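> Got a sequence here, can you build the structure:
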Amino acid sequence: MPLPRSRRALVALTALPLLALGAGQAVAGPAPAAPAPAPAAPASATQVSAIEDEVARTLAASLTDPALRAELRSATAGPVAGPAGLGALAAAAQSPTARGLAATAAQADRRIAAAKGLGPEVGPLLRVQLADLSMRAALDAGAAPLVATAVADDHARTIRAYDTAGRVHALDAAAVPGQPVYLVDIDTARTLAAGIAVLQREFGARGLDATGLNAAGPAAEAPDAAQAAAGWWATKISGIEVADDEEPWFKGAAEMFSLVTGFGQDGKVRVDSVAMPYLQYDGTVYYPNQILVNWSNYKYNLADVVLMEDDGDTNYLALAQAVAAVLLTIADQGAYIPLVNAVLAALPSSWWTDDPDYVESWYTLARSSSGRLNGARGNGWMTVEPYFVQQF
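Predicted structure coming up:
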């Protein structure tokens, strides 16, 4: 079921069963001792949701201004409308009320960036959009709009919306309302790009050797030196689909990313984060031809992939710290080491409600893997193939 708005990101990370293979053969090793608990993550979900709620209430009150109301309708309900930057939209209205809203949005942008573990350089984050295109007719007829935000709980029965007088309305989370509703949310495509950079930086700083997919691993000693000099082997995603992207109507399209894990050339655990901005709606097959694994970065012929989504509240810095606290306890033992339960237990429970959502995982991905691979959770599949990246 497609979701009306953009608000998620796939993160391959939560059920991280790391692989350490020796002599090309996977051998189930003894269960490792439980790692020390990861540091508790800041309450970013509460912080971000509260900030969005404040902005929604302020925007609703500001809609008594005809100029701002007209600007908002034009930007979000026109023929080519979509999500609009709230600060820019308010600045364009050029009225005292709109200027006050623009200042509120700018301050909220900075607070949200901090709550998500990002720097102020990430830029404007708050957006506003019509919750569903079917609401255009009601707006054209002059219906008074409400303003809401997507609550952090996917299973909430109601969401809170505000009218221009500041009154609270409880909307049914299971059905698109007939009254026009503007939704305030975050540009998760922007935060995803910035968040991936934070993950890579923090994983690298903690010795997880996360150099990303654009660089070959350190001094990869391939059996065929001539071949290694000419390029590197990769696993390419030729098709992918997610059956359930975990979101109700008021949350919209996903912003997803994956974490690919294994052992680096130095025998230490490494994590590569892979953005998947195209993967937005469940029930839709995408054909990205995207490189998922750069095998020159890995010591063994196996890696794991965990797919997750960012619902807007993800604190990338806290996420990196929590994962690193677990993975740094793992040593290269030359045997398959399943760590799903250990990693899941290490992450704060709030991350499994909405911040971010675990979508799917794939175990024991090898360089020779080819064809359709169903996820362990039964919530998605991807078609992969070996791909050799040649040097110029």
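> And the strands in the stretch 251-392 of the chain, which stretches?
256-263, 269-276, 290-294, 303-309, 357-365, 371-374, 380-390 (DSSP state E, counting those that start in this stretch).
> tell me which element the residue nearest to T158 when sequence neighbours are not counted falls in.
Distances taken as CB to CB, 6 or more residues apart in numbering put A170 closest to T158, at 4.2 Å, once the chain neighbours are dropped. From N, CA and C alone the C-beta is placed, and that goes for glycine too. Using DSSP states H and E, A170 falls within strand 168-172.
> Please apply the same query to D53.
Counting by DSSP H and E, D53 is part of helix 44-62.
> Over to A197?
Assigned by DSSP H and E, A197 falls within helix 188-205.
> which of the residues in that helix are buried?
Within helix 188-205, the residues that qualify as buried are 188-200, 202-204, counting by 16 or more other CB atoms under 10 Å.
> tell me which strands and helices that helix is in contact with?
Applying 3 or more CB pairs under 8 Å, 6 or more residues apart in numbering; DSSP states H and E, one finds that helix 188-205 contacts strand 256-263, strand 269-276, helix 316-327.
> what about 7 Å?
Contacts defined by 3 or more CB pairs under 7 Å, 6 or more residues apart in numbering; DSSP states H and E place helix 188-205 against strand 269-276, helix 316-327.
> and among the ones you listed, the most buried is which?
strand 269-276 (a mean of 25; mean count of other CB atoms under 10 Å).
> what is the orientation angle of that one with helix 316-327?
Using axes from the mean of the first three to the mean of the last three CA atoms, to 10 degrees, the direction of strand 269-276 lies 140 degrees away from that of helix 316-327.
> From S62, how far off is A144?
14 Å (CB to CB, to the nearest Å).
> More neighbours: these two, which one.
S62 (21 against 14; other CB atoms under 10 Å).
> just to revisit the earlier point, give me the buried positions along the strand holding A170.
Buried, per 16+ other CB under 10 Å, within strand 168-172: 169, 171.
> Paired strands for it, with orientation please.
Strand 168-172 pairs in its sheet with strand 158-162 (antiparallel), by DSSP bridges.
> in the stretch 51-200 of the chain, what spans have low per-residue confidence?
78-81, 151-154 (pLDDT under 70).
> May I ask you to confirm that A75 is in contact with L89?
Yes: counting by CB atoms under 7 Å, L89 is a contact partner of A75 at 5.4 Å.
> Can you lay out the helices and strands packed on helix 188-205 as JSON lines showing mean pLDDT?
Rendered in JSON lines, the data for the helices and strands packed on helix 188-205 read as follows (pLDDT from 0 to 100):
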{"stretch": "strand 269-276", "mean pLDDT": "85"}
{"stretch": "helix 316-327", "mean pLDDT": "75"}
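> okay if I get these as JSON lines plus distance to V48?
Below are the helices and strands packed on helix 188-205 laid out as JSON lines (distance: least, CB to CB, whole Å):
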{"stretch": "strand 269-276", "distance to V48": "20"}
{"stretch": "helix 316-327", "distance to V48": "12"}
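> Minimum distance to R110: which of these has it?
helix 316-327 (15.7 Å; CB to CB).
> Could you check the angle the closest one makes with strand 303-309?
Using the same axes, to 10 degrees: helix 316-327 against strand 303-309 is 150 degrees.
> Remind me what helix 316-327 packs against, helices and strands.
Contact here means 3+ CB pairs under 7 Å, 6+ apart; on that basis helix 316-327 packs against helix 188-205, strand 269-276, helix 340-346.
> Dump these to a markdown table, plus distance to A165.
Converted to a markdown table, the helices and strands packed on helix 316-327 look like this (distance: least, CB to CB, whole Å):
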| stretch | distance to A165 |
| --- | --- |
| helix 188-205 | 31 |
| strand 269-276 | 42 |
| helix 340-346 | 45 |
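> of these, which approaches K299 most closely?
strand 269-276 (9.1 Å).
> can you give me the angle the helix holding D53 makes with strand 168-172?
120 degrees.
> in helix 44-62, what's buried?
Buried, per 16+ other CB under 10 Å, within helix 44-62: 44-45, 47-49, 51-62.
> and if you look at stretch 287-303?
Neighbour counts over stretch 287-303 (16+ other CB under 10 Å) mark 288, 290-303 as buried.
> do the same with stretch 75-88
75-77, 83-87.
> These: which two are farthest apart?
A77 and G87 (19.1 Å).
> rewinding a little: could I have the CA atoms of the helix holding A197 written out in CSV?
Included here for helix 188-205 are C-alpha records, laid out as CSV according to Å, rounded to 0.1, in the frame of the first residue of the first chain:
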residue,chain,number,x,y,z
THR,A,188,14.4,12.7,5.2
ALA,A,189,16.2,12.6,1.9
ARG,A,190,18.4,15.4,3.2
THR,A,191,18.8,13.9,6.6
LEU,A,192,19.6,10.5,5.1
ALA,A,193,22.5,11.9,3.1
ALA,A,194,23.8,13.7,6.1
GLY,A,195,23.2,10.7,8.4
ILE,A,196,25.0,8.3,6.1
ALA,A,197,28.0,10.6,6.3
VAL,A,198,27.8,10.6,10.1
LEU,A,199,27.5,6.8,10.2
GLN,A,200,30.6,6.4,8.0
ARG,A,201,32.6,8.9,10.0
GLU,A,202,31.7,7.5,13.4
PHE,A,203,32.2,3.8,12.3
GLY,A,204,35.6,4.7,10.9
ALA,A,205,36.5,6.7,14.0
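> now the angle from that helix to strand 303-309?
Going by the same axes, to 10 degrees, helix 188-205 makes 140 degrees with strand 303-309.
> tell me the angle of helix 188-205 relative to strand 256-263?
Per the same axes, to 10 degrees, the angle that helix 188-205 makes with strand 256-263 is 10 degrees.
> hey, what's the closest residue to L59 other than its chain neighbours bridged with?
Spatial nearest neighbour of L59, excluding adjacent residues (CB to CB, 6+ apart): V147 at 5.0 Å. Note on V147: beta-bridge partners by DSSP bridges are Y162, Y182.
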